[in-house]
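Q: With the sequence up front, the predicted model follows.
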Amino acid sequence: MNTKEKDLKYIMHTYGRYDVALAKGKGAVVYDEDGKRYIDVASGIGVNSLGFCDDGWVKAVTEQASTIQHMSNYFYCEQASTLAERLCTLTGLSKVCFGNSGAEANECAIKIARKYSFDKYGEGRNEIITLKNSFHGRTVTTLAATGQDVFHNYFFPFTEGFKYVEAGDMDALKNAVTDKTCAVMFEVIQGEGGVNILDKAYVQELVSYCQSRDILVIIDEVQTGVGRTGNLFAHQNYEVLPDLMTVAKGIGGGLPIGLCMCGEKLKDVMSPSTHGTTFGANPVVCAGANYVLDRVTTDGFLDEVEQKGAYLEEKLLSLDSVKSVRRMGLMVGIEIEGNAHDIAVKCVENGLIIITAKNLLRMLPPLVITNEEIDEAVQILNKTLKENT
Ligand SMILES: *Cc1c(COP(=O)(O)O)cnc(C)c1O
């Protein structure tokens, strides 16, 4: 059996896959098992922030793998403590709790928010308000946190205590707040929900409203974090500081990691045995993340992310079938005529790896993509749009 046949026979069918088996890559270029070449503007789903197999990243990870590959969380780990220190210094937040995925990071944030409220106010103040069109993960609780009805199916009963309000509507939020509200959780740019960029004034008002009521602000930066939007974290573009922030996808550069950070007020909420993970804070994964941070914080790197994003946007807007572009840094949603999923499938056939969000094409290119590669990507997209609309 070939790769596809084995997959279809032995792997549960939770994803509709493109009809391609990827085999190896470098930077923004990847090859399938037949040696066909593709330009990649998806980075997995915003995971390979330095592209495929960046030399420095490979070295950091392989050196760590041949030094010590795992220890339990009952021991101090140099790579994890260094990563935590750097993240706190770079964000102004105070502490990190490690895990392995975005959903897990969000579970951690939800637990911290509820425990803070329980410790301070007693039982019952446990409601969390999230936004319609959000996406927070696939566990039973993070599905409940996700403000889209399509995700609230089959797996009943879902975790209680979530309420959803329209993004951008401050009155709706105020109306939803009760004396049971302990936190508000949102993405500043809704990625899966269609690259919806929240308004700056709204986010600032929301944060100050919540702070004045001791309602915790949880910002889900799983997709927007680590340079994606041209700042290290997207909330920095909004000049706010969350009480809790979750990070995953791009920070590992391709290895599984999720983490939850909290501010000063919450730094002692969690105590031994209130949370844990066997694999979290893995030294190999943290070595990769430390290397990603090295690169992303190099002088000029984030400016280049914004410049490349602006360059890409300009090219996209020059195409006839592109109706509009939503973008911050290299997080890009493209409104087109026609069915985005069908177009994405055709793009892949034509050698461009691209993803969708709702009925938009979505690009989350590796942050190291070059202008020449952007040109090539846009050219393939243009050709595909011409053939199919
Ligand atoms: C992808 C994503 C998640 C879930 O992350 P996993 O690693 O798949 O669990 C949560 N929140 C946002 C905003 C995401 O984009």
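A: Yes, it's here. From a predicted model like this one, the values you see are computed outputs, not experimental measurements. Numbering: from 1, shown residues only.
Q: from here on, contacts and neighbour counts on C-alpha atoms
A: Fine.
Q: looking at it, Lys346 is touching Lys386, isn't it?
A: No - Lys346 is not in contact with Lys386 according to C-alpha atoms under 8 Å; the separation is 11.1 Å.
Q: Comparing those two, which residue is more hemmed in?
A: A count of neighbours by other C-alpha atoms under 10 Å puts Lys346 above the other of Lys346 and Lys386, at 22 against 12.
Q: I'd like the distance between that one and the ligand.
A: Using C-alpha to the nearest ligand atom, to the nearest Å, one gets 24 Å for the distance from Lys346 to the ligand.
Q: need the contact list for that residue.
A: Thr384 (C-alpha atoms under 8 Å, 6 or more residues apart in numbering).
Q: Go again with 6 Å.
A: Residues counted as contacts of Lys346 (C-alpha atoms under 6 Å, 6 or more residues apart in numbering): none.
Q: doesn't it fall inside a helix?
A: Yes - counting by DSSP: H, G, I helix; E, B strand; the rest coil, Lys346 is part of a helix.
Q: Got phi/psi on Ile218?
A: Here is the backbone geometry of Ile218 (degrees, to the nearest 10): phi -110, psi 120.
Q: Contacts only, for it.
A: Counted by C-alpha under 6 Å, 6+ apart, Ile218 has contacts 185, 242, 244-245.
Q: repeat that with 7 Å
A: Ile218 is in contact with 183-186, 242-245, counting by C-alpha atoms under 7 Å, 6 or more residues apart in numbering.
Q: Drop anything exposed from the residues you listed.
A: The neighbour count (16 or more other C-alpha atoms under 10 Å) marks 183-186, 242-245 as buried among the contacts of Ile218.
Q: Okay, and which of those map to strands?
A: 183-186, 244-245 (DSSP state E).
Q: Going by distance to the ligand, which of those residues wins?
A: The ligand has its nearest neighbour among these in Phe186, at 8.2 Å by C-alpha to the nearest ligand atom.
Q: before we move on, which element is Ala60 in?
A: Using DSSP states H and E, Ala60 sits within helix 55-65.
Q: For the protein, what lies in contact range of the ligand?
A: 101-103, 135-137, 187, 191, 220, 222-223 (C-alpha under 6 Å from any ligand atom).
Q: give the contact list for the residue lying closest to Thr384 once chain neighbours are set aside.
A: Excluding the flanking residues, the one nearest Thr384 by C-alpha to C-alpha, 6 or more residues apart in numbering is Cys347, at 5.9 Å. Residues near Cys347 by C-alpha under 7 Å, 6+ apart: 353, 380-381, 384.
Q: Widest-spaced pair of those residues?
A: Greatest spatial distance among those (C-alpha to C-alpha): Ile353 and Thr384, at 12.2 Å.
Q: mind checking the backbone torsions on the one residue sitting closest to the centre of the chain?
A: For the chain, the residue nearest the mean C-alpha position is Gln223 (1.6 Å; C-alpha atoms, centre = their mean). In terms of degrees, to the nearest 10, the main-chain angles of Gln223 are phi -100, psi -30.
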